[in-house]
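**Q** I would like to see how this sequence folds:
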Amino acid sequence: MVTGGTSMIGRPLVQKLRGAGAKVFTVPHSEYNLTYPDSTAEAFAEALPDYVIHLAGHNGGIDYNKNWPARILHQTSMMSLNVLNACREFKVKKTAVILASCAYPPGEDLREETLHLGPPNPTVECHGYAKRLSEIFARQLVKQEGMDIISLVLTNSYGPYDNYNVDKTKVVGGLISKFADAIIEGRDEVVLWGTGKPLRELAYCDDLAEGIFRAFQEYSDELPLNIGSGMEVSILELAKTIAKVMCYKGTIVCDTSKPDGQMRKKLNLERMESILQWRPSTTLVEGLNKTLDWYWGEV
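**A** Predicted coordinates:
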């Protein structure tokens with residue numbers, strides 16, 4: 001079972017699992033609501049999974065987090081609690097819980113053992129605390145039931161099937177939407193929120209799916225495992241790169257009256273590289289070109 005199996009990361013992950021011979025159940029949103037225990041139990045009764053990878057969550061960009069923090073915290077937490085409890089009830093052999101880098105306290109080099117050493121950045125605490133709760137509940141189930149559950153922390157992702165609604169999407173999806181609208185409408189200016197100075201570590205969705213695929217087979221430890229790319233870029237440089245790839249000739253303006261969000265959240269990847277003997281290979285330009293090939297076919 002892969003919750004969030006039709007998402008940006010879920011799709012390539014499901015492909016990899018099926019390519020390895022697995023029968024995969026993707027929990028259709030139209031049939032099951034994982035925020036409710038009964039609906040979650042129905043999904044498990046239908047799938048009877050041996051293995052579960054929990055990708056599903058509810059979150060958005062800075063403005064969406066600001067407007068709907070309680071909704072994000074509640075829905076993301078309830079999904080994780082219900083899925084993990086169902087894994088216990090249905091005696092699942094192994095489970096992976098997918099966390100996000102926003103769960104970490106702010107820092108320059110985010111190591112797995114520091115996950116709970118301070119609060120998340122206030123702009124993302126609703127999603128960060130929800131993801132921390134997933135990891136905490138997983139550890140309690142390991143203690144109480146002896147279950148095999150791993151927690152994987154993913155860096156910022158982008159790619160096909162991302163949410164390109166500017167109110168809900170993350171940085172790459174939001175910028176692509178802005179530049180696409182400017183091109184279609186003939187506007188000669190695109191405005192970025194904040195100073196453009198914050199740094200973001202970015203990974204193409206297929207690479208993160210590969211990391212999850214490898215970790216699910218090779219990793220088994222209560223300590224979370226970071227899955228990232230090690231590639232950082234400032235928001236402004238990212239915008240310039242996207243503009244170049246999209247052949248946008250207008251001006252990029254930084255609106256400093258808007259918040260920057262967290263200035264940096266780069267994952268430390270020493271354990272990932274040591275345990276998995278792997279690192280993502282897709283460059284930013286390669287990933288953006290693949291993303292835009294899909295995006296222009298959907299617009």
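**Q** so which residues of the stretch 1-150 of the chain form strands?
**A** Assigned by DSSP state E, counting those that start in this stretch, the stretch 1-150 of the chain shows strands spanning 2-3, 51-54, 94-100, 149-154.
**Q** TSV for those, including mean neighbour count, mean pLDDT and distance to residue 203?
**A** Bear in mind the C-beta positions are built from the backbone N, C-alpha and C, glycine included. TSV is the format used below for the strands of the stretch 1-150 of the chain (neighbours: other Cβ atoms under 10 Å; pLDDT from 0 to 100; distance: least, Cβ to Cβ, whole Å):
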stretch	mean neighbour count	mean pLDDT	distance to residue 203
strand 2-3	26	98	18
strand 51-54	24	98	17
strand 94-100	23	98	12
strand 149-154	24	98	8
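**Q** and of those, who's closest to residue 258?
**A** Residue 258 lies closest to strand 94-100 among these, at 22.0 Å (Cβ to Cβ).
**Q** tell me which strands and helices the closest one is in contact with?
**A** Packing contacts for strand 94-100, counted by 3 or more Cβ pairs under 8 Å, 6 or more residues apart in numbering; DSSP states H and E, involve strand 51-54, helix 69-89, helix 125-145, strand 149-154, helix 205-218.
**Q** distance to residue 102 for the ones you listed - can I get that in CSV?
**A** Output for those, formatted as CSV (distance: least, Cβ to Cβ, whole Å):
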stretch, distance to residue 102
strand 51-54, 17
helix 69-89, 11
helix 125-145, 4
strand 149-154, 10
helix 205-218, 15
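**Q** give me the number of residues near the closest residue to residue 130 other than its chain neighbours?
**A** Closest residue to residue 130 apart from its sequence neighbours, by Cβ to Cβ, 6 or more residues apart in numbering: residue 76 at 3.7 Å. Close neighbours of residue 76, defined as other Cβ atoms under 10 Å, add up to 24.
**Q** does residue 76 really touch residue 60, like I thought?
**A** No - with contact defined as Cβ atoms under 8 Å, residue 76 does not reach residue 60; the gap is 11.2 Å.
**Q** domains for the chain, by residue range?
**A** If you go by automatic domain parsing, the domain ranges for the chain are 2-157+202-230+266-276, 171-197+233-265+283-298.
**Q** nearest to residue 164 among those domains would be which one?
**A** Residue 164 lies closest, by Cβ to Cβ, to one member of the domains of the chain: domain 171-197+233-265+283-298, at 4.8 Å.
**Q** and that closest one, how far from the chain's centre?
**A** Domain 171-197+233-265+283-298 has its C-alpha centroid displaced from the chain centroid by 19 Å (Cα atoms, centre = their mean, to the nearest Å).
**Q** now it: mean pLDDT?
**A** The predicted model assigns domain 171-197+233-265+283-298 a mean pLDDT of 94.
**Q** and it, how far apart are its ends?
**A** 19 Å (Cα to Cα, to the nearest Å).
**Q** ditto for stretch 145-161
**A** 37 Å.
**Q** now stretch 98-107
**A** Where stretch 98-107 begins and where it ends lie 20 Å apart, using Cα to Cα.
**Q** can you count the residues close to the closest residue to residue 109 other than its chain neighbours?
**A** Leaving aside its sequence neighbours, residue 109 sits nearest to residue 268 (Cβ to Cβ, 6+ apart; 5.0 Å). By the criterion of other Cβ under 10 Å, residue 268 has 17 neighbours.
**Q** verify the contact between residue 268 and residue 113 for me.
**A** No - with contacts counted by Cβ under 8 Å, residue 268 stays clear of residue 113, the gap being 9.8 Å.
**Q** make sure residue 233 is indeed in a strand.
**A** Yes - Residue 233: assigned to a strand according to DSSP: H, G, I helix; E, B strand; the rest coil.
**Q** okay, now it: neighbour count?
**A** Look at residue 233: counted by other Cβ under 10 Å, it has 16 neighbours.
**Q** who's in contact with residue 221?
**A** residue 150 (Cβ atoms under 8 Å, 6 or more residues apart in numbering).
**Q** before we move on, what SS does it have?
**A** coil.
**Q** now do the contacts for the closest residue to residue 71 other than its chain neighbours.
**A** Distance criterion Cβ to Cβ, 6+ apart; nearest residue to residue 71, sequence neighbours excluded, is residue 58 at 7.1 Å. The contact partners of residue 58, by Cβ under 8 Å, 6+ apart, come to 71, 72, 75, 76, 79.
**Q** if we use 7 Å, what do you get?
**A** Residues in contact with residue 58, defined by Cβ atoms under 7 Å, 6 or more residues apart in numbering, are 72, 75, 76.
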